[in-house]
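1. sequence? don't have it. structure:
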(Lines give C-alpha, C1' and ligand atoms only; values in the text may rest on other atoms or scores of the structure.)
Protein backbone atom coordinates (compact mmCIF):
# COMPACT_ATOMS: atom_id res chain seq x y z
CA UNK A 1 0.00 0.00 0.00
CA UNK A 2 1.45 3.40 -0.99
CA UNK A 3 1.54 6.38 1.35
CA UNK A 4 -1.43 8.11 -0.26
CA UNK A 5 -3.65 5.03 0.03
CA UNK A 6 -2.49 4.48 3.61
CA UNK A 7 -3.35 8.07 4.52
CA UNK A 8 -6.83 7.76 3.01
CA UNK A 9 -7.44 4.46 4.80
CA UNK A 10 -6.41 6.01 8.11
CA UNK A 11 -8.80 8.91 7.56
CA UNK A 12 -11.67 6.56 6.71
CA UNK A 13 -11.04 4.54 9.87
CA UNK A 14 -11.16 7.63 12.07
CA UNK A 15 -14.29 8.86 10.32
CA UNK A 16 -15.89 5.45 10.78
CA UNK A 17 -15.04 5.44 14.51
CA UNK A 18 -16.56 8.88 14.93
CA UNK A 19 -19.67 8.02 12.94
CA UNK A 20 -20.15 4.74 14.80
CA UNK A 21 -19.85 6.48 18.17
CA UNK A 22 -22.29 9.15 17.10
CA UNK A 23 -24.99 6.64 16.22
CA UNK A 24 -24.54 4.55 19.36
CA UNK A 25 -21.56 2.17 18.96
CA UNK A 26 -19.56 3.46 21.93
CA UNK A 27 -16.73 1.02 22.45
CA UNK A 28 -13.76 3.35 22.45
CA UNK A 29 -12.89 6.90 23.45
CA UNK A 30 -12.70 9.66 20.87
CA UNK A 31 -9.93 11.94 19.73
CA UNK A 32 -10.83 15.49 18.71
CA UNK A 33 -11.41 14.71 15.03
CA UNK A 34 -13.55 11.69 15.83
CA UNK A 35 -15.54 13.77 18.34
CA UNK A 36 -16.30 16.32 15.61
CA UNK A 37 -17.49 13.56 13.26
CA UNK A 38 -19.59 12.00 16.02
CA UNK A 39 -21.22 15.37 16.70
CA UNK A 40 -22.08 15.89 13.04
CA UNK A 41 -23.80 12.51 12.82
CA UNK A 42 -25.23 12.05 16.31
CA UNK A 43 -24.22 12.17 19.96
CA UNK A 44 -20.53 12.37 20.89
CA UNK A 45 -19.23 12.02 24.45
CA UNK A 46 -19.34 15.81 24.76
CA UNK A 47 -19.77 18.96 22.68
CA UNK A 48 -16.65 19.51 20.55
CA UNK A 49 -14.86 22.85 20.19
CA UNK A 50 -13.76 23.71 16.65
CA UNK A 51 -11.32 26.61 16.27
CA UNK A 52 -10.25 28.81 13.39
CA UNK A 53 -6.99 30.31 14.76
CA UNK A 54 -6.74 32.95 11.99
CA UNK A 55 -5.38 36.39 12.94
CA UNK A 56 -5.23 35.52 16.65
CA UNK A 57 -2.52 33.00 15.77
CA UNK A 58 -0.79 35.66 13.68
CA UNK A 59 -0.68 38.08 16.63
CA UNK A 60 0.13 35.44 19.24
CA UNK A 61 3.10 34.29 17.19
CA UNK A 62 4.19 37.84 16.32
CA UNK A 63 4.02 37.34 12.58
CA UNK A 64 3.41 40.03 9.99
CA UNK A 65 0.35 39.78 7.78
CA UNK A 66 2.57 39.27 4.72
CA UNK A 67 4.29 36.32 6.36
CA UNK A 68 1.17 34.75 7.84
CA UNK A 69 -0.92 35.01 4.67
CA UNK A 70 1.76 34.08 2.13
CA UNK A 71 4.14 31.56 3.81
CA UNK A 72 2.72 28.06 4.34
CA UNK A 73 5.09 26.91 7.09
CA UNK A 74 4.65 29.84 9.53
CA UNK A 75 0.93 30.01 8.73
CA UNK A 76 0.28 26.34 9.53
CA UNK A 77 2.74 26.10 12.42
CA UNK A 78 1.43 29.24 14.12
CA UNK A 79 -2.17 28.10 13.68
CA UNK A 80 -1.47 24.62 14.99
CA UNK A 81 0.50 25.97 17.95
CA UNK A 82 -2.43 28.17 18.89
CA UNK A 83 -4.95 25.34 18.67
CA UNK A 84 -2.72 23.03 20.71
CA UNK A 85 -2.00 25.66 23.36
CA UNK A 86 -5.70 26.17 24.02
CA UNK A 87 -6.42 22.42 23.72
CA UNK A 88 -9.38 22.66 21.37
CA UNK A 89 -10.75 19.46 19.85
CA UNK A 90 -10.06 20.34 16.23
CA UNK A 91 -8.94 23.31 14.19
CA UNK A 92 -9.30 24.49 10.64
CA UNK A 93 -6.62 26.36 8.65
CA UNK A 94 -8.40 29.61 7.87
CA UNK A 95 -6.89 32.47 5.89
CA UNK A 96 -8.58 35.27 3.93
CA UNK A 97 -10.43 32.73 1.77
CA UNK A 98 -12.76 35.34 0.24
CA UNK A 99 -9.76 36.81 -1.55
CA UNK A 100 -7.98 33.84 -3.09
CA UNK A 101 -9.99 33.48 -6.30
CA UNK A 102 -10.51 37.21 -6.83
CA UNK A 103 -6.79 37.89 -6.39
CA UNK A 104 -6.07 35.10 -8.87
CA UNK A 105 -8.45 36.82 -11.29
CA UNK A 106 -6.46 40.03 -10.97
CA UNK A 107 -8.31 41.97 -8.27
CA UNK A 108 -6.06 44.37 -6.33
CA UNK A 109 -5.81 43.79 -2.58
CA UNK A 110 -4.86 46.16 0.21
CA UNK A 111 -2.22 44.81 2.58
CA UNK A 112 -1.93 46.02 6.15
CA UNK A 113 0.67 45.08 8.74
CA UNK A 114 -1.62 43.59 11.40
CA UNK A 115 -4.76 42.39 9.65
CA UNK A 116 -5.83 40.18 6.79
CA UNK A 117 -5.60 41.61 3.25
CA UNK A 118 -8.76 43.11 1.85
CA UNK A 119 -10.16 43.91 -1.58
CA UNK A 120 -9.39 47.42 -2.78
CA UNK A 121 -12.97 48.60 -3.29
CA UNK A 122 -11.69 51.80 -4.93
CA UNK A 123 -10.39 49.72 -7.83
CA UNK A 124 -12.87 46.92 -8.60
CA UNK A 125 -11.75 44.47 -11.25
CA UNK A 126 -14.99 45.04 -13.20
CA UNK A 127 -15.66 48.78 -12.95
CA UNK A 128 -17.84 48.58 -16.05
CA UNK A 129 -19.96 45.74 -17.41
CA UNK A 130 -17.93 45.91 -20.62
CA UNK A 131 -14.85 44.83 -18.64
CA UNK A 132 -16.32 41.35 -18.39
CA UNK A 133 -15.15 40.45 -21.91
CA UNK A 134 -11.54 40.90 -20.76
CA UNK A 135 -11.90 38.65 -17.71
CA UNK A 136 -9.84 35.46 -17.95
CA UNK A 137 -10.13 32.49 -15.59
CA UNK A 138 -7.14 31.87 -13.31
CA UNK A 139 -4.88 28.86 -13.70
CA UNK A 140 -6.10 26.58 -10.89
CA UNK A 141 -3.41 26.12 -8.27
CA UNK A 142 -0.94 28.52 -9.92
CA UNK A 143 -2.45 32.00 -10.07
CA UNK A 144 -2.14 34.45 -7.21
CA UNK A 145 -1.75 32.83 -3.81
CA UNK A 146 -3.27 29.53 -4.84
CA UNK A 147 0.13 27.80 -4.42
CA UNK A 148 0.24 29.10 -0.82
CA UNK A 149 -3.18 27.58 -0.15
CA UNK A 150 -2.31 24.18 -1.62
CA UNK A 151 1.01 23.88 0.19
CA UNK A 152 -0.62 24.99 3.44
CA UNK A 153 -3.28 22.32 3.11
CA UNK A 154 -0.65 19.68 2.35
CA UNK A 155 1.37 20.67 5.43
CA UNK A 156 -1.79 20.53 7.52
CA UNK A 157 -2.56 17.00 6.30
CA UNK A 158 0.94 15.82 7.12
CA UNK A 159 0.80 17.21 10.65
CA UNK A 160 -2.80 16.28 11.50
CA UNK A 161 -3.14 12.93 9.74
CA UNK A 162 -6.47 14.03 8.24
CA UNK A 163 -7.27 16.41 5.38
CA UNK A 164 -8.39 19.94 6.21
CA UNK A 165 -11.80 21.44 5.67
CA UNK A 166 -10.97 23.43 2.54
CA UNK A 167 -12.52 26.74 1.58
CA UNK A 168 -13.75 28.46 -1.54
CA UNK A 169 -15.46 31.79 -2.14
CA UNK A 170 -19.03 31.48 -3.38
CA UNK A 171 -19.71 33.05 -6.77
CA UNK A 172 -22.20 35.69 -5.58
CA UNK A 173 -19.81 37.07 -2.97
CA UNK A 174 -17.02 36.91 -5.54
CA UNK A 175 -19.16 38.94 -7.93
CA UNK A 176 -19.67 41.62 -5.26
CA UNK A 177 -15.93 41.76 -4.57
CA UNK A 178 -14.87 42.28 -8.20
CA UNK A 179 -17.83 44.40 -9.35
CA UNK A 180 -18.65 46.36 -6.20
CA UNK A 181 -21.79 45.97 -4.11
CA UNK A 182 -23.65 49.02 -5.43
CA UNK A 183 -22.78 48.18 -9.04
CA UNK A 184 -23.87 44.56 -8.70
CA UNK A 185 -27.18 45.36 -7.02
CA UNK A 186 -27.86 47.88 -9.80
CA UNK A 187 -27.02 45.15 -12.33
CA UNK A 188 -29.40 42.73 -10.58
CA UNK A 189 -32.24 45.21 -11.08
CA UNK A 190 -31.38 46.61 -14.50
CA UNK A 191 -29.20 44.01 -16.23
CA UNK A 192 -30.07 40.58 -14.79
CA UNK A 193 -28.84 38.75 -17.90
CA UNK A 194 -25.37 40.18 -17.34
CA UNK A 195 -25.41 39.03 -13.71
CA UNK A 196 -26.36 35.50 -14.80
CA UNK A 197 -23.49 35.45 -17.32
CA UNK A 198 -21.08 36.65 -14.64
CA UNK A 199 -22.34 34.06 -12.14
CA UNK A 200 -22.02 31.26 -14.69
CA UNK A 201 -18.42 32.28 -15.43
CA UNK A 202 -17.42 32.58 -11.78
CA UNK A 203 -19.09 29.28 -10.91
CA UNK A 204 -17.98 27.00 -13.71
CA UNK A 205 -14.69 28.60 -14.79
CA UNK A 206 -13.34 29.80 -11.45
CA UNK A 207 -14.84 28.01 -8.44
CA UNK A 208 -15.31 24.53 -9.93
CA UNK A 209 -11.74 24.22 -11.31
CA UNK A 210 -10.34 25.55 -8.02
CA UNK A 211 -12.30 23.05 -5.91
CA UNK A 212 -11.23 20.26 -8.27
CA UNK A 213 -7.58 21.28 -7.91
CA UNK A 214 -7.83 21.33 -4.11
CA UNK A 215 -9.57 17.96 -4.16
CA UNK A 216 -6.83 16.54 -6.36
CA UNK A 217 -4.09 17.76 -4.01
CA UNK A 218 -5.45 16.99 -0.54
CA UNK A 219 -8.55 14.75 -0.94
CA UNK A 220 -10.72 16.74 1.50
CA UNK A 221 -13.90 15.17 2.79
CA UNK A 222 -15.52 18.61 3.07
CA UNK A 223 -15.33 21.75 0.95
CA UNK A 224 -16.99 24.82 2.42
CA UNK A 225 -18.04 27.78 0.30
CA UNK A 226 -18.79 31.01 2.14
CA UNK A 227 -21.27 33.59 0.93
CA UNK A 228 -21.15 36.61 3.23
CA UNK A 229 -22.74 38.95 0.69
CA UNK A 230 -25.66 36.59 -0.05
CA UNK A 231 -27.09 37.47 3.35
CA UNK A 232 -29.87 39.63 4.71
CA UNK A 233 -30.05 42.62 4.74
CA UNK A 234 -27.43 42.87 1.95
CA UNK A 235 -29.83 41.17 -0.45
CA UNK A 236 -33.37 39.85 -0.40
CA UNK A 237 -34.15 36.15 -0.19
CA UNK A 238 -35.66 36.46 -3.69
CA UNK A 239 -32.29 37.66 -5.03
CA UNK A 240 -30.56 34.73 -3.34
CA UNK A 241 -32.95 32.27 -4.95
CA UNK A 242 -32.49 33.72 -8.41
CA UNK A 243 -28.84 34.72 -8.55
CA UNK A 244 -27.15 32.56 -5.92
CA UNK A 245 -28.77 29.17 -5.26
CA UNK A 246 -28.85 27.89 -8.87
CA UNK A 247 -25.10 28.37 -9.19
CA UNK A 248 -24.31 26.85 -5.80
CA UNK A 249 -26.27 23.80 -6.92
CA UNK A 250 -24.26 23.64 -10.15
CA UNK A 251 -20.98 23.78 -8.22
CA UNK A 252 -22.12 21.12 -5.77
CA UNK A 253 -23.22 18.84 -8.61
CA UNK A 254 -19.91 19.31 -10.43
CA UNK A 255 -17.58 18.80 -7.48
CA UNK A 256 -19.24 16.56 -4.87
CA UNK A 257 -18.52 12.85 -4.71
CA UNK A 258 -19.49 9.96 -2.40
CA UNK A 259 -16.46 10.81 -0.24
CA UNK A 260 -16.46 14.59 -0.63
CA UNK A 261 -19.20 16.94 0.51
CA UNK A 262 -19.35 20.43 -0.99
CA UNK A 263 -21.65 22.93 0.67
CA UNK A 264 -22.19 26.64 1.25
CA UNK A 265 -22.42 27.85 4.85
CA UNK A 266 -21.32 31.45 5.02
CA UNK A 267 -24.59 33.41 4.86
CA UNK A 268 -26.52 34.89 7.76
CA UNK A 269 -29.42 37.23 8.54
CA UNK A 270 -32.12 35.24 10.35
CA UNK A 271 -32.80 38.31 12.51
CA UNK A 272 -33.55 40.51 9.49
CA UNK A 273 -36.59 38.62 8.17
CA UNK A 274 -40.08 38.14 9.60
CA UNK A 275 -39.75 34.36 9.75
CA UNK A 276 -36.24 33.18 10.61
CA UNK A 277 -37.00 29.83 8.98
CA UNK A 278 -36.93 31.54 5.59
CA UNK A 279 -33.17 32.06 5.93
CA UNK A 280 -32.60 28.62 7.47
CA UNK A 281 -34.47 27.05 4.56
CA UNK A 282 -32.06 28.77 2.16
CA UNK A 283 -29.10 27.49 4.17
CA UNK A 284 -30.44 23.96 3.88
CA UNK A 285 -30.77 24.44 0.12
CA UNK A 286 -27.12 25.55 0.08
CA UNK A 287 -26.16 22.13 1.45
CA UNK A 288 -28.32 19.24 0.40
CA UNK A 289 -29.02 19.37 -3.39
CA UNK A 290 -26.55 17.59 -5.63
CA UNK A 291 -25.37 15.02 -3.09
CA UNK A 292 -25.88 11.39 -3.95
CA UNK A 293 -26.09 9.88 -0.45
CA UNK A 294 -27.60 12.58 1.82
CA UNK A 295 -27.94 10.24 4.80
CA UNK A 296 -24.17 9.68 4.88
CA UNK A 297 -23.03 13.24 4.15
CA UNK A 298 -21.62 15.41 6.95
CA UNK A 299 -23.93 18.44 6.95
CA UNK A 300 -24.05 21.21 9.53
CA UNK A 301 -26.31 24.22 9.91
CA UNK A 302 -24.21 27.24 10.88
CA UNK A 303 -25.96 30.07 12.74
CA UNK A 304 -24.05 33.16 13.86
CA UNK A 305 -24.28 34.70 17.31
CA UNK A 306 -25.81 37.98 16.08
CA UNK A 307 -28.74 35.94 14.77
CA UNK A 308 -29.24 33.26 17.42
CA UNK A 309 -28.99 35.83 20.23
CA UNK A 310 -32.01 37.64 18.76
CA UNK A 311 -33.98 34.74 17.25
CA UNK A 312 -33.36 32.41 20.18
CA UNK A 313 -31.03 29.42 20.49
CA UNK A 314 -33.92 27.06 21.22
CA UNK A 315 -35.66 28.04 17.98
CA UNK A 316 -32.68 27.30 15.74
CA UNK A 317 -32.05 24.13 17.79
CA UNK A 318 -35.59 23.00 17.08
CA UNK A 319 -35.16 23.66 13.35
CA UNK A 320 -31.91 21.64 13.24
CA UNK A 321 -33.60 18.72 15.01
CA UNK A 322 -36.51 18.87 12.58
CA UNK A 323 -34.07 18.68 9.64
CA UNK A 324 -31.86 16.12 11.45
CA UNK A 325 -28.65 18.08 10.91
CA UNK A 326 -25.87 19.21 13.20
CA UNK A 327 -26.24 22.71 14.62
CA UNK A 328 -23.01 24.72 14.61
CA UNK A 329 -23.05 27.86 16.75
CA UNK A 330 -20.18 30.29 16.89
CA UNK A 331 -19.17 31.99 20.13
CA UNK A 332 -19.47 35.78 20.14
CA UNK A 333 -16.05 37.25 19.26
CA UNK A 334 -16.81 40.42 21.20
CA UNK A 335 -17.60 38.44 24.33
CA UNK A 336 -14.43 36.35 23.94
CA UNK A 337 -12.36 39.53 23.85
CA UNK A 338 -14.17 41.70 26.36
CA UNK A 339 -15.22 39.11 28.92
CA UNK A 340 -15.27 39.10 31.84
CA UNK A 341 -14.67 35.41 32.44
CA UNK A 342 -17.95 34.97 34.34
CA UNK A 343 -19.91 36.42 31.40
CA UNK A 344 -18.14 33.97 29.09
CA UNK A 345 -19.00 31.08 31.39
CA UNK A 346 -22.64 32.16 31.59
CA UNK A 347 -22.88 32.15 27.80
CA UNK A 348 -21.33 28.65 27.72
CA UNK A 349 -24.04 27.48 30.12
CA UNK A 350 -26.74 29.04 27.93
CA UNK A 351 -25.36 27.47 24.75
CA UNK A 352 -25.17 24.06 26.39
CA UNK A 353 -28.64 24.26 27.97
CA UNK A 354 -30.42 25.50 24.87
CA UNK A 355 -28.21 24.38 21.99
CA UNK A 356 -26.57 21.06 22.84
CA UNK A 357 -29.72 18.96 22.74
CA UNK A 358 -29.09 15.22 22.65
CA UNK A 359 -26.23 15.57 20.18
CA UNK A 360 -25.46 17.11 16.80
CA UNK A 361 -24.00 20.33 18.12
CA UNK A 362 -20.58 21.93 17.54
CA UNK A 363 -19.23 25.09 19.17
CA UNK A 364 -17.21 27.16 16.70
CA UNK A 365 -14.53 29.70 17.62
CA UNK A 366 -14.56 31.30 14.19
CA UNK A 367 -12.86 34.55 15.17
CA UNK A 368 -10.81 35.31 18.25
CA UNK A 369 -10.06 39.04 18.26
CA UNK A 370 -6.36 39.81 18.43
CA UNK A 371 -6.70 41.61 21.78
CA UNK A 372 -8.27 38.62 23.56
CA UNK A 373 -6.61 37.75 26.89
CA UNK A 374 -5.49 34.08 26.81
CA UNK A 375 -7.25 33.43 30.13
CA UNK A 376 -10.60 34.10 28.44
CA UNK A 377 -9.99 31.31 25.95
CA UNK A 378 -8.64 28.91 28.55
CA UNK A 379 -11.78 29.39 30.62
CA UNK A 380 -14.09 29.00 27.63
CA UNK A 381 -12.52 25.77 26.40
CA UNK A 382 -12.24 24.28 29.89
CA UNK A 383 -15.90 24.98 30.65
CA UNK A 384 -17.12 23.27 27.49
CA UNK A 385 -14.91 20.27 28.18
CA UNK A 386 -16.09 19.92 31.76
CA UNK A 387 -19.75 20.90 31.41
CA UNK A 388 -20.51 19.75 27.87
CA UNK A 389 -20.71 16.00 28.56
CA UNK A 390 -23.81 14.19 27.32
CA UNK A 391 -26.38 14.07 28.69
CA UNK A 392 -26.04 17.75 29.56
CA UNK A 393 -26.45 18.30 33.32
CA UNK A 394 -29.48 20.23 34.54
CA UNK A 395 -27.52 21.97 37.29
CA UNK A 396 -24.72 23.60 35.29
CA UNK A 397 -24.68 26.55 37.71
CA UNK A 398 -23.65 24.21 40.50
CA UNK A 399 -20.91 22.33 38.66
CA UNK A 400 -17.32 23.19 39.59
CA UNK A 401 -14.80 24.35 37.01
CA UNK A 402 -11.09 23.79 37.06
CA UNK A 403 -9.22 26.01 34.62
CA UNK A 404 -5.84 24.44 33.81
CA UNK A 405 -2.76 26.45 34.68
CA UNK A 406 -0.76 27.20 31.57
CA UNK A 407 2.60 28.87 31.15
CA UNK A 408 2.89 32.03 29.10
CA UNK A 409 2.37 31.23 25.41
CA UNK A 410 5.92 32.22 24.49
CA UNK A 411 7.37 29.87 27.10
CA UNK A 412 5.02 27.07 26.04
CA UNK A 413 5.91 27.50 22.37
CA UNK A 414 9.64 27.30 23.09
CA UNK A 415 9.16 23.95 24.85
CA UNK A 416 6.28 22.31 22.96
CA UNK A 417 5.45 24.32 19.86
CA UNK A 418 6.44 24.11 16.23
CA UNK A 419 8.90 26.67 14.80
CA UNK A 420 7.23 29.61 13.09
CA UNK A 421 10.20 30.97 11.15
CA UNK A 422 10.01 31.09 7.35
CA UNK A 423 12.70 28.48 6.60
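-> Now that the structure is in, tell me what you want to look at. Since the structure is predicted, the reported quantities are computational estimates derived from the model, not experimental observations.
2. can you pull out the strands in the stretch 101-250 of the chain?
-> Residue ranges of the strands in the stretch 101-250 of the chain, as given by DSSP state E, counting those that start in this stretch, are 109-112, 115-119, 166-169, 222-226.
3. can you tell which of the ones you listed is closest to residue 374?
-> Distances from residue 374 to each of these were compared using C-beta to C-beta; the shortest belongs to strand 115-119, at 20.0 Å. C-beta: built from backbone N, CA, C; applies to glycine.
4. so which of the strands of the stretch 101-250 of the chain is the most packed in?
-> Sort the strands of the stretch 101-250 of the chain by mean neighbour count, taking mean count of other C-beta atoms under 10 Å, and strand 166-169 sits at the top with a mean of 26.
5. average pLDDT across that strand?
-> What strand 166-169 shows for mean pLDDT is 96.
6. Same list, the strands of the stretch 101-250 of the chain, but as CSV with distance to residue 400 please.
-> Supplementary listing: the strands of the stretch 101-250 of the chain in CSV, determined by distance: least, C-beta to C-beta, whole Å:
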stretch, distance to residue 400
strand 109-112, 43
strand 115-119, 39
strand 166-169, 39
strand 222-226, 36
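7. so which of the ones you listed comes closest to residue 4?
-> strand 166-169 (17.0 Å).
8. List the neighbouring strands of the closest one plus their orientation.
-> Using DSSP bridges, strand 166-169 pairs in its sheet with strand 222-226 (parallel).
9. Can you list the neighbours in contact with the strand it pairs with?
-> Outside of strand 222-226, the residues that reach it under the criterion C-beta atoms under 8 Å, 6 or more residues apart in numbering are 97-98, 165-170, 173, 207, 211, 214-215, 248, 251, 255, 260-266, 286, 298.
10. for stretch 279-292, same thing?
-> Counting by C-beta under 8 Å, 6+ apart, the neighbours of stretch 279-292 from elsewhere in the structure are 225, 227, 232, 237, 240-241, 245, 248-249, 252-253, 256, 258, 261-265, 267-270, 272-273, 294, 297, 299, 301-303, 307, 316, 319, 323, 325.
11. Inside helices: which ones of these?
-> Within these, residues falling in helices by DSSP state H are 237, 240, 241, 245, 248, 249, 252, 253, 307, 316, 319, 323.
12. how close does the residue nearest to the second one when sequence neighbours are not counted sit to residue 243?
-> To tie it back to what came earlier, the one meant is residue 240. Of all residues not flanking residue 240 in the chain, residue 230 sits nearest, at 5.2 Å (C-beta to C-beta, 6 or more residues apart in numbering). Separation of residue 230 from residue 243 (C-beta to C-beta, to the nearest Å) stands at 8 Å.
13. Could you do residue 407 as well?
-> In this structure, residue 407 and residue 243 are separated by 52 Å, where distance is defined by C-beta to C-beta.
14. who's more crowded, these two?
-> Ranked by neighbour count (other C-beta atoms under 10 Å), residue 407 and residue 243 place residue 243 first, with 22 against 12.
15. quick one: contacts for the more buried one?
-> Listed by C-beta under 8 Å, 6+ apart, the contact partners of residue 243 are 172, 188, 192, 195, 196, 199.
16. I'd like to know which of the residues you listed are buried.
-> Buried by 16 or more other C-beta atoms under 10 Å: 172, 188, 195, 199, out of the contacts of residue 243.
17. Can you give me the pLDDT of the third one?
-> The reference is to residue 195. Here the pLDDT value assigned to residue 195 is 98.
18. So it sits against residue 185, correct?
-> No. With contact defined as C-beta atoms under 8 Å, residue 195 does not count as touching residue 185 (9.7 Å).
19. What distance do you get for residue 3 to residue 10?
-> In this view, residue 3 and residue 10 are 10 Å apart by C-beta to C-beta.
20. the more surrounded of those two?
-> The neighbour count for residue 3 versus residue 10, taken as other C-beta under 10 Å, is higher for residue 10 (12 against 7).
21. low pLDDT regions in the chain?
-> Residues of the chain that meet the criterion pLDDT under 70 lie in 1, 289-297, 423.
22. Identify, by residue count, the longest helix of it.
-> helix 3-22.
23. Can you give me the buried ones in that helix?
-> Residues of helix 3-22 classed as buried under the neighbour-count rule (16+ other C-beta under 10 Å) are 7, 11, 14, 15, 17, 18, 19, 20, 21, 22.
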